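Undergrad: quick one, what's the 3D model for this:
(one chain, ligands or ions: 2)
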Amino acid sequence: MFLIDWFWGVLSFLGLYNKNATLLFLGLDNAGKTTLLGVLKDGRLSAYRPTFHPTSEELSMGNIKFRTFDLGGHESARKIWKDYYASVDAIVYLVDSSNSDRFEESKRELDALLSSDELSNVPFLILGNKVDIPGTPSEEKFRAALGLQQTTGKGKVPLNGVRPIEVFMCSVVKKFGYAEGFRWISQYIN
Ligand SMILES: Nc1nc2c(ncn2[C@@H]2O[C@H](COP(=O)(O)OP(=O)(O)OP(=O)(O)O)[C@@H](O)[C@H]2O)c(=O)[nH]1
Ligand SMILES: [Mg+2]
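TA: Ligands and ions are numbered 1, 2, ... in the order given. Coordinates of the predicted model:
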């Protein structure tokens, strides 16, 4: 009983209670995908090791399926996650905002996703992760670096056929910022 309460508690916290969806967590290696999955799974932080093989992990809660894939330098992984395009309801794209050296690489992968026909109607939540690390850029600077100045708005916005896309800065480790992002994207998930 306790477990079930906790379980639904997590999903309602994320706005995903009584939704039926598959969410893909994408991003370069080291962005925080496995850590986010772990935080959702048991609310605790464990020392998650970098994921090597296969570059995919999955967590199911109720009717929600979370699946991670690493992008960048993983050609074989790319082949795998392309198979999931058809069943994806939302994409959560994680970026390590503390590592500006890799913004360009991360932007390249993101742009490829955004321009793919198969995903043209899929909502995108961009998480600028690790803002707990001193020296991370402001949201404004982060958006500029990723080419995300034009997004669809953080509130409830009538989209008129435009794909929902929005940026939320967060710290998965310190557990803030990402739930707002999930609640934002949940309004575009059935
Ligand atoms: N300071 C800080 N570190 C974080 C945060 N989120 C993740 N990390 C750390 O970043 C490193 C990479 O996190 P992972 O969750 O393994 O990243 P990943 O995207 O799964 O990476 P791969 O599996 O290697 O592709 C780990 O050492 C995490 O502890 C955060 O919010 N703040
Ligand atoms: Mg991982």
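Undergrad: which parts of this structure are strands?
TA: According to DSSP state E, the chain carries its strands in the segments 21-28, 56-61, 64-71, 90-96, 124-129, 165-169.
Undergrad: any chance of TSV for those strands, columns distance to Arg183, mean neighbour count and mean pLDDT?
TA: Bear in mind the C-beta positions are built from the backbone N, C-alpha and C, glycine included. Output for these, formatted as TSV (distance: least, CB to CB, whole Å; neighbours: other CB atoms under 10 Å; pLDDT from 0 to 100):
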stretch	distance to Arg183	mean neighbour count	mean pLDDT
strand 21-28	13	23	92
strand 56-61	16	15	80
strand 64-71	14	22	81
strand 90-96	12	24	96
strand 124-129	10	26	98
strand 165-169	10	21	98
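Undergrad: just put these in TSV and tack on distance to ligand 2.
TA: Formatted as TSV, the strands of the chain follow (distance: least, CB to the ion, whole Å):
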stretch	distance to ligand 2
strand 21-28	9
strand 56-61	7
strand 64-71	6
strand 90-96	10
strand 124-129	12
strand 165-169	20
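Undergrad: figure out which of those is closest to ligand 1.
TA: With respect to ligand 1, and counting by CB to the nearest ligand atom, the nearest of the strands of the chain is strand 64-71 at 3.8 Å.
Undergrad: okay, now the sheet partners of the closest one, with direction.
TA: In the sheet, strand 64-71 lines up against strand 21-28 (parallel), strand 56-61 (antiparallel) (DSSP bridges).
Undergrad: relative to strand 90-96, how tilted is the first one?
TA: Using axes from the mean of the first three to the mean of the last three CA atoms, to 10 degrees, one finds that strand 21-28 and strand 90-96 are set 20 degrees apart in direction.
Undergrad: so how far is strand 21-28 from its chain's centroid?
TA: 5 Å (CA atoms, centre = their mean, to the nearest Å).
Undergrad: same question, stretch 111-122
TA: With CA atoms, centre = their mean, you get 15 Å for stretch 111-122.
Undergrad: pull out the buried positions in it.
TA: For stretch 111-122, a neighbour-count test (16 or more other CB atoms under 10 Å) marks 113-114, 119, 122 as buried.
Undergrad: same check, this time on stretch 96-108
TA: So for stretch 96-108, counting by 16+ other CB under 10 Å, buried means 96-99, 102-103, 106.
Undergrad: out of those, who's nearest Gly153?
TA: Ser97 (20.7 Å; CB to CB).
Undergrad: ok, the closest one - contacts?
TA: For Ser97, the contacting residues are 128-131, 136-137, 142, 169, by CB atoms under 8 Å, 6 or more residues apart in numbering.
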